[in-house]
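Visitor: Coordinates for the following, if possible.
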Amino acid sequence: MSRKYIRGTTKERIEYYTDRSGGPDACWPWLGAKDKDGYPYISTGPSRCSRALKVIYQAYVGPVPPGKEIRHTCDHPWCGNYGHMIPGTHMENVQDCVSRQRQGRGSQKQTAKLHESDIPTIRMRVRSGETQTSVARHYGVSQVVISNIMRGKSWRHVP
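Guide: Okay, here's the model as predicted:
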């Protein structure tokens, strides 16, 4: 649950919206507003909000170097502990996401039309002689999607 808006300096508002009860090395849950992905937001002026990570980093560590964004070493998007934040390139942030297996895959992706439970049936239907085009039409996807499943280019995580 989000806390109400408070006035004060940037640091006062950051401290109000972070739960630091776990100590200096713990993750500090953000108690204020969050976006749909769980990243904290904070007001930075009249009718302006920004991702809180950059604001927190700038308030306690210093300016974010040009061309860099803030990455979490703890891998918790809701964490407001500036000790868990480091600057890095967008590519480094993406690599963090992939190496920690946080990227959406399979039915976790918002655009997914298939579910993990569909994949074994799709494979069986194609292996038994049904055309990829027919199977694709049945599931409302393109033939390329079925081909990628059969070649192991997508849905590899499903046995």
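
Visitor: hey, let's count contacts and neighbours off CA atoms from now on
Guide: Will do.

Visitor: nearest residue to Tyr82 other than its sequence neighbours?
Guide: Tyr57 (5.7 Å; Cα to Cα, 6 or more residues apart in numbering).

Visitor: Sticking with that neighbour, tell me its helix or strand.
Guide: helix 52-60 (DSSP states H and E).

Visitor: Residues touching that helix, excluding its own?
Guide: 10-11, 14, 39-42, 63-64, 69-70, 80, 82, 85 (Cα atoms under 8 Å, 6 or more residues apart in numbering).

Visitor: repeat that for 7 Å
Guide: 11, 14, 40-42, 64, 70, 80, 82 (Cα atoms under 7 Å, 6 or more residues apart in numbering).

Visitor: For these, which single residue is the most surrounded?
Guide: Within the contacts of helix 52-60, Gly80 tops the neighbour count with 28 neighbours, counted by other Cα atoms under 10 Å.

Visitor: separation between that one and Leu53?
Guide: 7 Å (Cα to Cα, to the nearest Å).

Visitor: For this protein, which segments count as strands?
Guide: Under the criterion DSSP state E, the chain carries strands at the ranges 41-45, 48-51, 69-72, 85-88.
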